[in-house]
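>>> Sequence and predicted structure below; questions after.
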Amino acid sequence: MTPLRPICRKRSFRAGRVLLASAALLPSLALLPASAAGPDFSGLDDIRPIARRYCLACHSSAARSGGIDLEELLLRDPQAAPEKWKTALDVLRAGEMPPPGAERPAQRERKALIAGIDRWLRANRPGGQAPAYRVARRMTRGEYTHTIRDLLELPADPFILPEQFAKDKAYFQPASGIMARRVEVDHEQTSNNPPLTRYPGIATLPADSRAEHGFANRSDQVSLSPALLEKYFAVARDLLFHADFPSGHPLFQAPGAGLSAPEAARRRLAAFLPGAFRRPAGKGEVERYLNLYRRSRREGNDFATAARHMILGVLSSPHFLMRVEKNSPSGAPDAYDLAARLSYFLWTSMPDEALFAAAGEGNLHELEQLEKQARRMLRDPKSKALAEHFGGPWMRLGQVAAVIPDLDAFPSYYEPAGPARRRTVGLHMMLEALLLFETVLVENRSILNFIDADFTYLNENLAAFYGLRHLYPALPKTAGRLAGRRTWFRARLDDRRRGGVLTLGSTLTLTSLPERTSPIVRGAWIADVVFNRPPPPPPPGITPLAETDRSGLRSLSLREQVARHSQDPACISCHERIDPFGFALDLYNAVGLWREYDSGLPIDASGKLRGGAAFNGPVGLKDALLERPELFARGFVEQLLAYALGRGLTAFDDPTVSDILDEVRGGGYRLRDIVVALVKSPAFRQTHSNRGVLR
Amino acid sequence: MSKRLSRRTVLRGIGGGMMLPWLEVMAAGKPPHGGPPLRMGFFYLQNGIVPEFWFPRKAGADFELPPSLEPLAPVRDEVIVFSGLDRVFGGGTDVHAQCASCWMTSAPPTEKPDGMFPIDATVDQRIAAAQRKQSVLPSLELTCNTFKGNKESKYLRTISWFGPGSSAKAENDPRAVYRRLFGMDAGGPVERSILDIVRGEAKALRRQLSAPDRRKVDEYFESVRSIERRMTQLERRAREQKEVPLDEPSEMPAERSAYIRMMGDLIALAFQLDLTRVVSMMFGPERWNAPQFYDGVFDKPEVHHTLTHAMDKDDEARRKVALIDRFRVAQYAYLVQKLREIPEGEGTLLDRCVLTLGAGLGNGNLHNYDHLATVTAGRGIGPHAPVPMRTGRHVRCPEGTPLANLWLSLLARNGLHRERFADSTAPLDLG
């Protein structure tokens, strides 16, 4: 959750007066809450008696337990801290509040509380609409790579980004609706920065860092500096003038007879610009970039060079490099802007011809048309980008390469040192995780498969590493030495200790330290990734767990050490939310292999969630999570929505997520259905109101 | 936006050697005093330090060098060791994320212009902005982050910010740094035309946008302007044809010390040729929890962050963290020495530098923001600051002195006189 700055009430008041004076001129203002008369309490009036009975003893203005003053929010000013409403909803839904031992509301009362807050949030959205899209920023590295590929009609991405893992993507055929049982994929050493390039010597772009608890495409995270812009310019230049650039590229071929060179340049530019700018281009714009062709010819360059200069200008333009939307007062974005939203969400790239045409016809705003396009796009192999740029970062796969398990403690993580650099199983783990995500996407499976699945993909290395050799069919001897690395089989799992993201090798490894597991980090990963409720950061000035303690605590189990650390009253309220997850997973070692003892002590993997059931070990944990699927589904949809909108969410997004969940619950939370419901939600379809507090 | 040129051609195109480009600036008659420009370096120590082995016991000129600062012995007279400088943690964010991203911030901890973070234009960028017309590169941002993967968010990897939400992407590859310093020529007419057009496009575009979106297009616009200014500068300097006394590095040095020193060599060269006057460098990102090999210190890779969490209970861990501190100080000392070996005007290049070495965490185990390790090197003489800084001493600041007081003083030495910077209370007495 990105916290909100408090909404300025004075400003709403003024807006309300404007409404009276000139409502006709400013139609969007008509949706404003009637704030002129003071704060709006709709929804909250009904829940006051329940809140008074169960909540206000601790969350009064005097007590402010946990920093939450419900008395102020309920009685005086609901806008004082809107983000607290989201916190309230989270703890109510999870059953964490009221705390154990306190009088608990009946189910009916709990639902009433949730409904009341929901009603208030809907009535008080900034600008009156669903909070919406926020876009202005440069293209991310991933967007740039795929857009260049599609715009210049290159056979493949110019770069193989670390987040893609797989060098070839032929295996990904979503139109079939089925992921093949056998998958051939070359995925060597793509986990390093900088990216591999198909054009030797070309400048490369640096990775975009992820947001704190978010994705790399968040507009408030993606910034531009002179050094970085130089790189974007250099990539385009290096690519267009590269010896390996398709020599017969139609853009740069000398014109045939019957057409003058300047006229040929003009026509090609006029055809190229709309794709580059993701909208029809004006006549003046064609002239502007055509000047570069002329300028270059005056310098004595030939047609091919001058045409390249012209295209280089286009690829350097803010209309290409920056994703910007027209300011739309109507509340609905321009059809071309909507097309770009859709294509960058599903493909991390520009709209294709069909989508562009649909935008031109002007009916893309219709829900039926939007759904049709989204479903079509999800059947296109380009939708692999959704797995690579959302799925991978959602599971934090980029962090696997950062973990370097201790060689002496975990030799099987490393392949025998060869002449080149040492390979790890981590790379295979990342692809396994990606294949899981892609399978759920392609087969439109329930996202509950992420909690528990009865299948996974294994190559020979990973099967051997996990001790699941019996699940990997023997390859013929003629297949070659490295065939087992690139040949993956879908394995049916008969043991629930594997299956789903919690028990992936990648998850268990990236949440560990080089020498040992960290139940706290694993627990925090689950709170963050599974529930989208990252624990608040520990405050400064506390003594953290001594991670390589040698002072005598060694005789205690890790669990006892963690427990001792978490007993501190300042720490316990968060740690009791995260540690139990980590303890349940402590039956896997720091590289994700099963174990029952740690340093000679038996592992106690039992735990209990606050407000939930007790469980033991990973299977028990999975069952506990599956018992309340809505909690995970909400966390997942929230993260997908943040990715789709390119911004952090606020409390006012909560109703949007509820509406999406209502759409997909009956079908069992299928992934493609979630994507479609999201695309059809007002938050995705509407334009931001400029008056909100969105960041 | 240059055509591809051979490196040699490029090198010849740069004003090099001992030519003094600042003479031109002087001729413009702006600064109140003469002489070469003042150069500023900001060097960030990730994950705090071990206070016990860092802070001298004696204050004043008579101070001793504790184990972590021993590598400074050859340049003891050139440095000021500060103790007692603090920052205030503005709640709600991760401690590691805020200590790095807000080390140099101009926002007081009570304000949060960047979401939950008190991030606003940092002290290096304030200085760079004031000089951008004189310098080929207004600033250079470096990081010695060689970790694999994409683990931490940018708040743990960025100390230099143009403004809220607008971070300077730091470069970790010395070859890329070299190319940034020397790999651009003044650009041909076509390249200039491209910049002309796209600058105009950005200007027109921003007018159509609402305020938050406009800020993003402004980043683009300002970046284009910066590239254009740089080309203009290069054109002006292209008359002096000299070789650059350093070849492009052929590869990343395998040893960490050699790698960091190579960054130092590039910084020294950039200062010497007046290609930039403001540099920031992180010795590495905050946290990250991955092993790193410190050559000549340990015989196997160590995880710095993990060690800091054990250092208060475990003597061996504390000793190791202190050795990492010392390792970092040694690389800093290398640069300080190098700058002292370069003559400039009446003295040395170091006389016209202030290189601040500092940490954003006090004790890395406790994650507190008190008693931040802070050292400056150089006398800070410049056109706006004729009086040299009084070096060769340990300054013990009164308990609770804001680090921002140092930034306020450094701004003044650059001719930027302000009442306040972030939560500063008064300038530090450097003179």
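Done, it's in. Residues are numbered from 1 along each chain as shown, chains lettered A, B, ... in the order given.

>>> alpha carbons only for contacts and neighbour counts from here, please
Will do.

>>> okay, the nearest residue to A:Arg533 once chain neighbours are set aside: pLDDT?
Nearest residue to A:Arg533, sequence neighbours excluded (CA to CA, 6 or more residues apart in numbering or on different chains): A:Ala527, at 5.3 Å. Looking at A:Ala527, its pLDDT stands at 94.

>>> could you list every residue that touches A:Ala527?
A:Arg533, A:Pro534, A:Pro535, A:Arg577, A:Ile578 (CA atoms under 8 Å, 6 or more residues apart in numbering or on different chains).

>>> Can you tell me the closest non-neighbouring residue to the second one?
In this case it means A:Pro534. A:Asp528 (4.1 Å).

>>> Next one: the one you found from A:Thr511, what distance?
12 Å (CA to CA, to the nearest Å).

>>> just A:Leu678 next, same as before
From A:Leu678 to A:Thr511 the distance is 30 Å (CA to CA).

>>> Same check on B:Thr374?
B:Thr374 is 33 Å from A:Thr511, by CA to CA.

>>> same check, this time on A:Gly256
In terms of CA to CA, A:Gly256 sits 61 Å off from A:Thr511.

>>> Comparing the two, which residue is more hemmed in?
A:Thr511 (26 against 9; other CA atoms under 10 Å in any protein chain shown).

>>> The more buried one reaches A:Trp525, doesn't it?
Yes: counting by CA atoms under 8 Å, A:Trp525 is a contact partner of A:Thr511 at 7.2 Å.

>>> For B:Gln98, which residues are in contact?
B:Gln98 makes contact with B:Phe89, B:Phe117, B:Tyr155, B:Leu156, according to CA under 8 Å, 6+ apart.

>>> what helix or strand does it sit in?
helix B:95-101 (DSSP states H and E).

>>> same check, this time on B:Glu399
strand B:393-402.

>>> one step back: show me which of the contacts of A:Ala527 has the smallest pLDDT value.
Minimum confidence in the contacts of A:Ala527 sits at A:Arg577, scoring 84.

>>> Quick check: phi and psi on the residue nearest to the spatial centre of chain B?
By CA atoms, centre = their mean, chain B has its centre lying nearest to B:Ser280, at 1.5 Å. Backbone geometry at B:Ser280, expressed as degrees, to the nearest 10, gives phi -130, psi 150.

>>> now do B:Glu302
phi -130, psi 150.

>>> what is it paired to in the beta sheet?
Note on B:Glu302: beta-bridge partners by DSSP bridges are B:Gln292.

>>> Could I get the contacting residues of it?
B:Ala290, B:Pro291, B:Gln292, B:Phe293, B:Tyr294.

>>> Pick out whichever of those residues sits closest to chain A.
In terms of CA to the nearest CA, no member of the contacts of B:Glu302 lies closer to chain A than B:Ala290, at 5.6 Å.

>>> okay but that closest one is in contact with B:Phe147, surely?
Yes: using CA under 8 Å, B:Ala290 is in contact with B:Phe147, at 7.3 Å.

>>> Which neighbours do those two have in common?
A:Ala402.

>>> first to last residue in stretch A:55-62, what's the distance?
13 Å.

>>> Actually, stretch A:156-167.
10 Å.

>>> sorry, back to before: can I get the contacts of B:Glu302 in a markdown table with neighbour count?
Listed next are these as a markdown table, based on neighbours: other CA atoms under 10 Å in any protein chain shown:
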| residue | neighbour count |
| --- | --- |
| B:Ala290 | 21 |
| B:Pro291 | 21 |
| B:Gln292 | 15 |
| B:Phe293 | 17 |
| B:Tyr294 | 18 |
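
>>> Next, format these as a markdown table and append pLDDT.
Below are those laid out as a markdown table (pLDDT from 0 to 100):
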| residue | pLDDT |
| --- | --- |
| B:Ala290 | 88 |
| B:Pro291 | 90 |
| B:Gln292 | 93 |
| B:Phe293 | 94 |
| B:Tyr294 | 96 |
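
>>> Can you pull out the residues in contact with stretch A:61-77?
Contact with stretch A:61-77 is made by A:39, A:41, A:44, A:48, A:55-60, A:78-81, A:84, as judged by CA under 8 Å, 6+ apart.

>>> Now which of those residues would you call buried?
A:39, A:41, A:44, A:48, A:55-60, A:78-81, A:84 (16 or more other CA atoms under 10 Å in any protein chain shown).

>>> Show me chain A divided up by domain.
A:39-124, A:137-161+A:188-323, A:162-187+A:385-510, A:335-384, A:518-587+A:596-627, A:628-685 (automatic domain parsing).

>>> Does the last one reach chain B?
Right, the one you point to is domain A:628-685. No: applying CA under 8 Å from any CA of the partner chain, one finds domain A:628-685 separated from chain B by no less than 10.0 Å.

>>> Pull up the distance across that domain, start to finish.
End-to-end for domain A:628-685, by CA to CA: 30 Å.

>>> How about the shortest one?
End-to-end distance of domain A:335-384: 24 Å, with CA to CA as the criterion.

>>> Which strand or helix spans the nearest residue to B:Asp218 once chain neighbours are set aside?
If the residues on either side of it in the chain are set aside, B:Asp218 comes closest to B:Arg206, at 7.2 Å by CA to CA, 6+ apart. Assigning secondary structure by DSSP H and E places B:Arg206 in helix B:189-207.

>>> which helices and strands does that helix pack with?
helix A:283-298, helix A:303-316, helix A:318-321, helix B:211-237 (3 or more CA pairs under 8 Å, 6 or more residues apart in numbering or on different chains; DSSP states H and E).

>>> Give me the below-cutoff pLDDT ranges for the stretch 1-150 of chain B.
B:1-33 (pLDDT under 70).

>>> So which bits of it are right by chain A?
Residues of the stretch 1-150 of chain B lying near chain A (CA under 8 Å from any CA): B:1, B:89, B:91-95, B:115-116, B:147-150.

>>> how about those, which pair is most distant?
Pairwise distances across the residues of the stretch 1-150 of chain B next to chain A (CA to CA) peak at 43.5 Å, for the pair B:Met1 and B:Gly91.

>>> contacting residues for the residue nearest to the centre of chain B?
B:Gly41, B:Phe42, B:Phe43, B:Tyr44, B:Asp124, B:Ser139, B:Leu140, B:Glu141, B:Leu142, B:Ile159, B:Ser160.

>>> in the stretch 151-300 of chain A, what residue is nearest chain B?
A:Pro226 (4.1 Å).

>>> Distance-wise, check the nearest residue to that residue once chain neighbours are set aside relative to A:Phe233.
Sequence neighbours aside, B:Ser223 is the residue nearest to A:Pro226 in space, at 4.1 Å (criterion: CA to CA, 6+ apart). Distance of B:Ser223 to A:Phe233, computed by CA to CA: 11 Å.

>>> which stretches of the stretch 451-600 of chain A have low pLDDT?
A:542-556, A:565-566, A:570.

>>> try it again with 90
For the stretch 451-600 of chain A, the stretches with pLDDT under 90 are A:474-483, A:485, A:514-515, A:535-579, A:598-600.

>>> Might you calculate how far the helix or strand containing A:Met377 sits from the centre of the chain?
Assigned by DSSP H and E, A:Met377 falls within helix A:367-378. Put simply, helix A:367-378 sits 21 Å off its chain's centre (CA atoms, centre = their mean, to the nearest Å).

>>> Quick one: name the residues of the stretch 201-350 of chain B near chain A.
B:201-202, B:208-210, B:213-214, B:216-217, B:219-220, B:222-224, B:226-227, B:288-291, B:306-307, B:309-310, B:313-314.

>>> from the chain's centre, how far out does stretch B:211-222 sit?
Per CA atoms, centre = their mean, the centroid offset for stretch B:211-222 relative to its chain is 25 Å.

>>> Sorry, wrong one. I was asking about stretch B:417-427.
Centre to centre, stretch against its chain (CA atoms, centre = their mean), the figure for stretch B:417-427 is 20 Å.

>>> now the residues of the stretch 201-350 of chain B next to chain A: which count as buried?
B:201-202, B:209-210, B:213-214, B:216-217, B:219-220, B:222-224, B:226-227, B:288-291, B:306-307, B:309-310, B:314.
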